[in-house]
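*Asks:* After the sequence you'll find the predicted model.
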Amino acid sequence: MVATSTLNRNSECLSGFAGRGYDLTCIDHEMDFWERCLAEPYLGAEVCEEQTCQQLAQLLEGCLSRAKASKLKCAHVLVPETLTRRVARDMLRLAAGEPCGLRGCVLDVHLELEEQQHRCERLERLACDASVVPTFELTLVFKQDGGGWPSLRDFLRIGTCFPPGTHRALKLRPGFRLIKKKLYSSAAGTIVEEC
């Protein structure tokens, strides 16, 4: 079988689909889509990577959302606009050379707290695909943004509707640290990326 760059829109074949109850307009749209994919073969990979990146960003946002009340003891986590997308892209890049890709990743999410001598608080440990034996580990360290005027910071922490020991808002810096450790090879080193 030889692949060609155009699809054959055989009217006999199309009428056979119509006879079985398929909508010809829908079939025509599908044919147009696949013709574009054949004309740009890498388009499908880009779309798939973008969807994976979006899912990873949502996974990270969900992790921060779950941690805000339980571990971070705050009402809101303020995340810079593109932070989770940048982390997701870097994760995909680091997973590209792995035997199972992103499916073989175990992700440890931490937050570096400025107020407590740069102590790291572990937020969550996630397996990207629990059915796959992990081949590498990524440790993601978000960084707290403790900048700003002390009086404003104190004002944001004091609130009558929040129980003692909780903060109103925790702001993250745009930077993060991503550490990759291979689990299947003793010769492989650790990769640390500061972004």
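*Replies:* Right, received. Where do you want to start?

*Asks:* C-alpha only now, for contacts and for neighbours.
*Replies:* Will do.

*Asks:* Below-threshold pLDDT in this protein: ranges please.
*Replies:* Counting by pLDDT under 70, the ranges of the chain that qualify are 1-47, 115-118, 147-167, 186-195.

*Asks:* quick one: buried residues of the longest strand along it?
*Replies:* As assigned by DSSP state E, the longest strand anywhere in the chain is strand 167-182. Of the residues in strand 167-182, 167-170, 172, 174-182 count as buried by neighbour count, 16 or more other CA atoms under 10 Å.

*Asks:* possible to save those residues as TSV with distance to Pro99?
*Replies:* TSV is the format used below for the buried residues of strand 167-182 (distance: CA to CA, whole Å):
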residue	distance to Pro99
His167	43
Arg168	43
Ala169	40
Leu170	37
Leu172	33
Pro174	30
Gly175	28
Phe176	25
Arg177	23
Leu178	19
Ile179	18
Lys180	14
Lys181	14
Lys182	11
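
*Asks:* Which one of those is nearest to Val79?
*Replies:* Closest approach to Val79 among those (CA to CA): Leu172, at 5.5 Å.

*Asks:* Find the nearest non-adjacent residue to that closest one, please.
*Replies:* Gln144 (4.5 Å; CA to CA, 6 or more residues apart in numbering).

*Asks:* Contacts only, for the nearest residue to Val132 once chain neighbours are set aside.
*Replies:* Nearest residue to Val132 in three dimensions, chain neighbours excluded: Gly104, at 5.9 Å (CA to CA, 6+ apart). Taking CA atoms under 8 Å, 6 or more residues apart in numbering, we find Gly104 in contact with Glu98, Ala127, Cys128, Asp129, Val132, Val133, Pro134, Thr135, Phe136.

*Asks:* Can you name the residues that contact the second one?
*Replies:* When contacts are counted by CA under 8 Å, 6+ apart, Ala127 is found next to Gly104, Cys105, Val106, Leu107, Pro134.

*Asks:* hang on, the earlier thing: quick one: which of the contacts of Gly104 is nearest to Gln58?
*Replies:* For the contacts of Gly104, the residue nearest Gln58 by CA to CA is Cys128; the value is 12.7 Å.

*Asks:* so how far is Leu102 from the closest one?
*Replies:* 7 Å (CA to CA, to the nearest Å).

*Asks:* Could you do His110 as well?
*Replies:* From His110 to Leu102 the distance is 19 Å (CA to CA).

*Asks:* How about Ser185?
*Replies:* Ser185 is 17 Å from Leu102, by CA to CA.

*Asks:* okay, these two: which has more neighbours?
*Replies:* Leu102 (22 against 10; other CA atoms under 10 Å).

*Asks:* Could you pull up the contacting residues of Pro174?
*Replies:* Contact partners of Pro174, counting by CA under 8 Å, 6+ apart, are Val79, Pro80, Leu83, Lys143.

*Asks:* No further queries at this time; thank you.
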